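Chemist: just the structure for this:
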Amino acid sequence: MNAVLAAIALLILASAGIALTLRNIVRSVILLVVTWFGIAAFYLWAGAEFVAFAQVLVYGGAVSMVVLFAVLLVRHGKAGVAETPAPSGRIVSALLAGGAIAGALAGAVALTPLAPAAGPAPFAPVRHIGVLLLNTHAASLLAAGAILTVALLGGVVLAAGGGPEKEDGP
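Modeler: Residues are numbered from 1 along each chain as shown. Below you'll find the predicted structure:
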């Protein structure tokens, strides 16, 4: 079992690291999707099937499509890279924010007790969660799906855009 966890962790870290180093944003998004699928594999390994399926649907599908449409909508220079470099103040702010987040995560991990909680773990099969969602929250799920579909179609229309306007001339 530990070899499987190590392979999943290697997949997640390698794909995320390579995605950070690439200059082509479309390839980075594809590697980010691989990272999200790796995280879903970790959830499956841990026995959280519903969270794994939600990870694949939400991040692997929806968020990756939003990122790709954002890439399509942004105008790039000739090489496909933004032409203005980031100011040094933004770099320092990003490093400080990253350090603060890393410190908070390290503190949370350090303060987490290593002993398992007393009592049996809660059990909720995927079928039970699905029945609960589709009985009481069916209307909200349908509304969210309709809104996301309209947003996706709007992104397609904006990304496709029209070619140069044709002028009716002599």
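Chemist: quick one, helices of this structure?
Modeler: 2-21, 25-46, 49-55, 64-73, 88-111, 126-136, 138-160 (DSSP state H).
Chemist: ok, and the closest non-adjacent residue to Leu152?
Modeler: Of all residues not flanking Leu152 in the chain, Met65 sits nearest, at 6.8 Å (CB to CB, 6 or more residues apart in numbering). For the C-beta atoms, the positions are set from N, CA and C on the backbone; glycine is no exception.
Chemist: now do Leu32
Modeler: Ala19 (5.1 Å).
Chemist: tilt between the helix or strand bottoming out on mean pLDDT in the chain and helix 25-46?
Modeler: Ranking every helix and strand in the chain by mean pLDDT, DSSP states H and E puts helix 64-73 at the bottom, with a mean of 74. Going by axes from the mean of the first three to the mean of the last three CA atoms, to 10 degrees, helix 64-73 is angled at 170 degrees with respect to helix 25-46.
Chemist: so where's this structure shaky on pLDDT?
Modeler: For the chain, the stretches with pLDDT under 70 are 1, 75-86, 115-117, 159-170.
Chemist: switch to 90 and redo it
Modeler: Low-confidence segments of the chain (pLDDT under 90): 1-6, 17, 19-33, 36, 44-95, 98, 105, 108-170.
Chemist: many thanks, I have nothing further to ask.
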